Structures are given as structure tokens and as C-alpha cells.
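[1] sharing a sequence plus its predicted fold:
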Amino acid sequence: MKINDLEDMWEGFSEIRLDINDSLQNDFYHWQKGTSRITILKWFNTHLVDGILFQKFSVEQLELLWDEFSNIPINLEDEIELDFYCWKKGTYRFEIWHWFDEKLPNGIAEWTAA
């Protein structure tokens, strides 16, 4: 699959509405109605190029990812204790925070203060 095809899929995914269970309301590409957002995001994660596939994330998508990240355990050395999308267990958590800081319109400090 070409990067442009994946980007088109990602853009389409960012525009669909999910149901109350955070699942597809309709079929989407090869996913059937009822597939969870997490399952689809994990699939996209397996198709990353150099760790990051897409530069376009909506604020809503970043919020969902941030919420998921908040559930990842961190050890005393500030490293994540589980793989989280493209970041492997042992990644310094501030590396991930920096990624969010770059993606958010006004940075992570202003966003988390809101």
C-alpha cells in the first residue's frame, strides 16, 4: 500500500463519526461496522514509516491519543513500561510529550492548561 493511500484512509478516518462505544457506525475500507477506534489506530500504527506516518492530526485525535497515553505506566526513570503506538517500552516519556508539543497548535502547556 502506498503512503498516499494510507494518508487518504487516515484523512477519511479522521472525518467519520464513531458511535457511543467508540466504534464505527458504518463499514470503513476493510473494517466492518462496530470495529473499535483502538483496533483501527493499532492497524495504522503497524503501517508507520520512520515512526510517524501522518503529519495531520486533528485536536480531537490528539486528545484521544493523549488520554490513552495517560494510562501508560511510567517507571522511576520516566520511561514508559508498555509499548505505545510507535514508541517502544523504555522510551523516555518526555520524548512522547515533545511529539505532542509539536503536533498541538499552541503546544502542550497551553493545551493541557485549558
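    Everything's here; your move.
[2] gap between the two ends of stretch 26-39?
    15 Å (CA to CA, to the nearest Å).
[3] any idea which element Ile108 lies in?
    helix 107-113 (DSSP states H and E).
[4] what is the mean pLDDT for that helix?
    Helix 107-113 shows a mean pLDDT of 66.
[5] pull out the buried positions in stretch 34-44.
    For stretch 34-44, burial by neighbour count (16 or more other CB atoms under 10 Å) applies to Thr35, Arg37, Ile40, Leu41. Just so you know, the C-beta spots here come from the backbone N, C-alpha and C atoms, and that holds for glycine as well.
[6] what do you get for stretch 65-75?
    Going by neighbour count (16+ other CB under 10 Å), the buried part of stretch 65-75 is Leu65, Trp66, Phe69, Ile72.
[7] how about the residues you listed in JSON lines, adding pLDDT and distance to Cys86?
    Shown next, in JSON lines, are the buried residues of stretch 65-75 (pLDDT from 0 to 100; distance: CB to CB, whole Å):
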{"residue": "Leu65", "pLDDT": "83", "distance to Cys86": "11"}
{"residue": "Trp66", "pLDDT": "84", "distance to Cys86": "15"}
{"residue": "Phe69", "pLDDT": "89", "distance to Cys86": "12"}
{"residue": "Ile72", "pLDDT": "93", "distance to Cys86": "13"}
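[8] go through the residues you listed and flag which are in helices.
    Among the buried residues of stretch 65-75, the ones falling in helices (DSSP state H) are Leu65, Trp66, Phe69.
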